[in-house]
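K.L.:
let's see this in three dimensions:
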Amino acid sequence: MPLILLVEDDPNLGKGLKANLELENFFVLWAQSIKEAEILFQKEKFDLILLDLGLPDGTGFNFCLKLRQNKETLPVIILTADSNEDSVVKGFSSGANDYVKKPFSSKELFARIKAQLSINLLKEKEVRLGKLLLTLETRKVTFENIEVELNRKEFELLHYLIQRKDAISTRENIITRLGQSEDISDRTIDSHISHLRTKLKKANITTITIKSEYGLGYRLVAHV
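P.N.:
Numbering: from 1, shown residues only. The predicted model follows:
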């Protein structure tokens, strides 16, 4: 499920947006300043950012521009009450993908989010790590052109760990990214990791290792 970074300093608007987005089956992490957003961005792999312009420690323009300078390509939708032409042009010049004027309807915002996520998905149809290939649309995994049988949760877990290659993923990170349900919780993540390791070993995939980081979580290391 998509993970959204909401950057909004208004507590009432932020709380309401987060609740409404979660009702639409998005996972949302909420930052109320650029500093908080930068901390969350270092910890997680987001699919989209909803970005207010007027923040207590800077402007959304600068945050967006910094992302683009660092070669980050995820979609950014600006949320603002300021819709004059110069502001809109500056937003797009900073690297924003879309612009939504406050106040806005939930339907409009959801439609714009889904449109940006669809565009981004078309850009990234496959993830390759050496001879390991993940086809995102069909959740198919192949190694040296031989298919590896993984269930949906195992596929999503492998995809997430590859995205965070060499970084530690805590159980909390994994639950946030994959969703809290009967088959993915703090008690069962170890089981999912164990099954994934077994299937990778059975497929003779020796180019990646999922390491346990005691007291912290897991880290995928590639040998390619």
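K.L.:
from here on, just use CA atoms for contacts and neighbour counts.
P.N.:
Fine.
K.L.:
list the contacts of the nearest residue to residue 130 once chain neighbours are set aside.
P.N.:
Among residues not flanking residue 130 along the chain, residue 224 sits closest, at 5.7 Å (CA to CA, 6 or more residues apart in numbering). The contact partners of residue 224, by CA atoms under 8 Å, 6 or more residues apart in numbering, come to 129, 130, 207, 208.
K.L.:
and the last one, how far from residue 26?
P.N.:
If you measure residue 208 against residue 26 using CA to CA, to the nearest Å, the figure is 30 Å.
K.L.:
cool, and the second one?
P.N.:
Using CA to CA, residue 130 is found at 31 Å from residue 26.
K.L.:
which SS class is the residue most central in space within the chain?
P.N.:
Nearest to the geometric centre of the chain sits residue 46, at 2.3 Å (CA atoms, centre = their mean). Classification of residue 46 by DSSP: H, G, I helix; E, B strand; the rest coil places it in coil.
K.L.:
show me what the closest residue to it other than its chain neighbours is bridged to.
P.N.:
Closest residue to residue 46 apart from its sequence neighbours, by CA to CA, 6+ apart: residue 3 at 5.2 Å. Beta-bridge pairing for residue 3 (DSSP bridges): residue 27.
K.L.:
ok, residue 220 next?
P.N.:
Residues in beta-bridge contact with residue 220 (DSSP bridges): residue 210.
K.L.:
can you pull the contacts of it?
P.N.:
Counting by CA under 8 Å, 6+ apart, residue 220 has contacts 161, 162, 164, 165, 166, 167, 168, 208, 209, 210, 211.
K.L.:
same check, this time on residue 34
P.N.:
Here residue 34 is in contact with 7, 55, 56, 57, 58, 60, 63 (CA under 8 Å, 6+ apart).
K.L.:
how does this protein divide into domains?
P.N.:
Listed by automatic domain parsing, the domain ranges of the chain are 3-123, 126-222.
K.L.:
rank those by pLDDT, which is bottom?
P.N.:
Lowest mean pLDDT within those: domain 126-222, a mean of 86.
K.L.:
what's the first-to-last distance across that domain?
P.N.:
17 Å.
K.L.:
try stretch 28-44
P.N.:
Note: stretch 28-44 ends 11 Å apart using CA to CA.
K.L.:
for this structure, which helix is longest?
P.N.:
Looking across the chain with DSSP state H, the single longest helix is helix 106-123.
K.L.:
can you point out the buried residues in that one?
P.N.:
109, 112, 113, 116, 117, 120 (16 or more other CA atoms under 10 Å).
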